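**Student:** sequence plus predicted model, see below.
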Amino acid sequence: MDADDNTQTSTGYRKSSLRILFSLLTIWFVVSFGCGILFREQLDTAFSVGNAPFGFWMAQQGSIICFVLILVAYAFLMNRLDDKHGYSETSNKKGNK
Amino acid sequence: MSQDIWNYIFIGISFAIYIVIALKSRATSTKEYYTAGGGVSPLANGMATAADWMSAATFISMAGGIAISGYDASQFLMGWTGGFVLLTILMVPYLRKFGKATVPDFIGDRYYSQAARFVAVLCAIFICMTYIMGQMNGVGIVFSQLFGISLVKGVIIGASIVFFYAGLGGMKGITYTQVAQYCVMAFAYTLPAIFISLTITGNVIPQLGFIGETTDGIPLLQKINTLNESLGIRAFTEGSANNKLNMFCITAALMCGTAGLPHVIVRFFTVKDVRAVRKSACWTLAFIAIIYLTAPTVGVFSRLNLVEKLNNKAYVSQTETEARTDDQVPSWFHQFEETGKLAWVDKNGDGRIQYMGNGDKALNPFTGKSPVLSTADDDFVRGSHGQVLLTNVDPSNNNELYVHKDIMVMANPYMGETPQWVIALLMAGCIAAALSTAAGLLLVLSTAISHDLMKNIINPNLTDKQEMRWARSASLGALLVAVYFGINPPGNFVAQTVAFAFGLAAASFFPTLLMGIFSKRMNKQGGIAGMVAGITFTLSYIIYFAFGGGDPKYYFLGISPAGIGVIGMLLNFIVAFIVSAFTPAPPKEVQDMVDRIHNPSGAGESTH
């Protein structure tokens, strides 16, 4: 199918999509495990959001907001990547390219 | 109008809506039954998935957990939402591209083995069963609270309703019902929070009230910290000492578990293509976030209210009808007292409630896991102030009040003195939460049995019609088992049982799917060995420590059963890679298939 048709495009596409994936997962890890658990005490004393200590706020509110933003970014970046490589679904019928 | 009438009106209307929708969108083919025909819009699918995924545990127990454990409960908030990111980025687009209707389908084809398919089916059934028990128990709690009936009757009523529309409607019926259920849940959860935020902080947005100041000018979080410390328990924004690794593991187990939950993954087979899947995932998490961002605020508000309304108040007998002063216990106390969710032991005989904190088992006013109400001749035995007496009083501490965390959400509107219809809406919301998740799970269970087990393993010649019949009878069978365990739950709390389901999913499906998607070299021997190792280890650890009376001091690295799924997951990865290194690589077709699912075009409709 598609993968055999154009190996060059396919490899490039895979590389870029994995790059998007890893950068978003890094952000994901930092905002949740990093800010909310591992470095919470340090962040709690250093910063605050309104009256909430920063680490605590990240654990209960901030990380969730970031997660939504990560998914929005993912959809945007992946759709753009698809368009760039000509994989947009609308122009492609199943099974032929 | 009395509270009961409001309750009946709200629940009656919401049920009528669900049933009409279920009847209108009844499934007529297996395709509609399993994946709603693949044509649900991303927005509708997002709402439905959010409703499916937010269980009774989320709705009833989570805010209570936050109220009692403060910062420590963040593991649930981050775990359940963060898992969604993993699910969307690592799993769903690829599985959607693969284009089969179920998770065992993927595992069976990717690991080119009926044995792998069979292990996956067993895992799916087991995970969904664990999860659905918690839901049935939740439905039972709400119904028994609501109509003053026993838990047994409550569970049976809930189960019949679920069977009616999940068994008949299939995925199509469920999806559209869940859209309605999400709306009910969202309003039911946020409205009381808004009302209470207004009274406590004067801010109409609870999340801003959370980081803002109370009406008397003290920052809200500082107020609750001071309050907690005055009761002799740790501050709300502080975690318990030395639990970093455990918290890390529980959060990770919940995240990876979410990404491996078969009933959530299958939701994304109901939309048109990979683009729609991405969009749908954004909507889902946004809808989930509305409720998850409100939960901590409900936790703080109810905690504050609870202590202010109950601590040091004089207990007044239920039979006294005179209007109560601020110095007396409010009348809603009795309602929860009789269900054993609130209990008061007058240890020093002064007729007032002395509250010294909870959440810590050592501080419960009774021995054992829950209060045992003393009864005689079908009635409660009452003390000199009219309070229900306990038979298992623990005199070794001074705390006199027991608060079950589940009541934080349920009693919150009473504490905040919100209008009666808000309470009724909350009841409808609780039921919607439990029903929507139970229905989604039931569908995956019945699919696992009819499609994966009967059609793909036992009898490939099954016609569409026979398969549907199997699906419906399987859902009935599964429901009966769920009812039994809903009445006799093996775990202590709704949330606890659910947390285990996530641990099991994290140790079985998550690594196996991940390796199946991203590693071309992973073969069937490795996949099966890993899955078996992961689930066996996790399951035995959970059974030994959570149900078999294992001593927590022997925890592996201090990790509790809820977090052990992460170790099970690592074990799965390690075993799988070692075994696959010594066994032949998978055939060419399978390697091509792995290439193909990384290419987004041509996902088309999902088939089965």
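**Tutor:** Received, thanks.
**Student:** which residues touch the residue of chain B found nearest chain A?
**Tutor:** Chain B approaches chain A most closely through B:Ile211 (2.9 Å), counting by Cβ to the nearest Cβ. Backbone N, C-alpha and C define where each C-beta goes, glycine included. B:Ile211 sits next to A:49-52, A:57, B:220-221 when contact means Cβ atoms under 8 Å, 6 or more residues apart in numbering or on different chains.
**Student:** if we use 7 Å, what do you get?
**Tutor:** A:49-52, A:57 (Cβ atoms under 7 Å, 6 or more residues apart in numbering or on different chains).
**Student:** find the nearest non-adjacent residue to it, please.
**Tutor:** Once flanking residues are discounted, B:Ile211 sits nearest to A:Gly50: 2.9 Å by Cβ to Cβ, 6 or more residues apart in numbering or on different chains.
**Student:** what subset of the contacts of B:Ile211 is buried?
**Tutor:** Among the contacts of B:Ile211, those buried by neighbour count (16 or more other Cβ atoms under 10 Å in any protein chain shown) are A:51-52, A:57.
**Student:** let's see which of the residues you listed end up in helices.
**Tutor:** A:Trp57 (DSSP state H).
**Student:** surely B:Ala505 meets B:Gly260?
**Tutor:** Yes: with contact defined as Cβ atoms under 7 Å, B:Ala505 counts as touching B:Gly260 (4.0 Å).
**Student:** comparing these two, which residue is more hemmed in?
**Tutor:** B:Ala505 (33 against 30; other Cβ atoms under 10 Å in any protein chain shown).
**Student:** do you know how far that one is from B:Leu254?
**Tutor:** 10 Å (Cβ to Cβ, to the nearest Å).
**Student:** please apply the same query to B:Val532.
**Tutor:** Between B:Val532 and B:Leu254 the computed distance is 23 Å (Cβ to Cβ).
**Student:** what do you get for B:Asn599?
**Tutor:** Distance, B:Asn599 to B:Leu254, using Cβ to Cβ: 31 Å.
**Student:** settle it for me: which of these two has more neighbours?
**Tutor:** Remark: of B:Asn599 and B:Leu254, B:Leu254 carries more neighbours, 29 against 25, as counted by other Cβ under 10 Å.
**Student:** tell me which stretches of the chain form strands.
**Tutor:** As the question left the chain open, I've gone with chain A. For chain A, applying DSSP state E gives strands covering A:48-49, A:52-53.
**Student:** my question was about chain B
**Tutor:** Using DSSP E, strands in chain B cover B:342-344, B:375-376, B:379-380, B:401-403.
**Student:** just those: most buried one?
**Tutor:** Mean neighbour count, computed with mean count of other Cβ atoms under 10 Å in any protein chain shown, is highest for strand B:342-344 among those, reaching a mean of 24.
**Student:** circling back: quick one: which of the buried ones among the contacts of B:Ile211 is nearest to B:Ser374?
**Tutor:** Checking the buried ones among the contacts of B:Ile211 against B:Ser374 by Cβ to Cβ gives A:Ala52 as the nearest, at 43.4 Å.
**Student:** how about the closest one: what's its closest non-neighbour residue?
**Tutor:** Nearest non-adjacent residue to A:Ala52, counting by Cβ to Cβ, 6+ apart: B:Ile211, 4.5 Å away.
**Student:** repeat that for B:Ile107.
**Tutor:** In space, and not counting its chain neighbours, B:Ile107 is closest to B:Ala120: 4.0 Å by Cβ to Cβ, 6+ apart.
**Student:** contacting residues for that neighbour?
**Tutor:** B:103-104, B:107-108.
**Student:** give me the contacts around stretch B:452-462.
**Tutor:** With Cβ under 7 Å, 6+ apart as the criterion, stretch B:452-462 contacts B:102, B:104-105, B:108, B:114, B:117-118, B:121, B:467, B:470.
**Student:** buried ones among those?
**Tutor:** Of the contacts of stretch B:452-462, these count as buried by 16+ other Cβ under 10 Å: B:102, B:104-105, B:108, B:117-118, B:121, B:467, B:470.
**Student:** need those in TSV with pLDDT and distance to B:Met410, can you?
**Tutor:** Below are the buried ones among the contacts of stretch B:452-462 laid out as TSV (pLDDT from 0 to 100; distance: Cβ to Cβ, whole Å):
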residue	pLDDT	distance to B:Met410
B:Thr102	78	36
B:Pro104	84	38
B:Asp105	83	40
B:Gly108	86	43
B:Arg117	85	42
B:Phe118	85	42
B:Val121	85	37
B:Glu467	78	41
B:Trp470	80	39
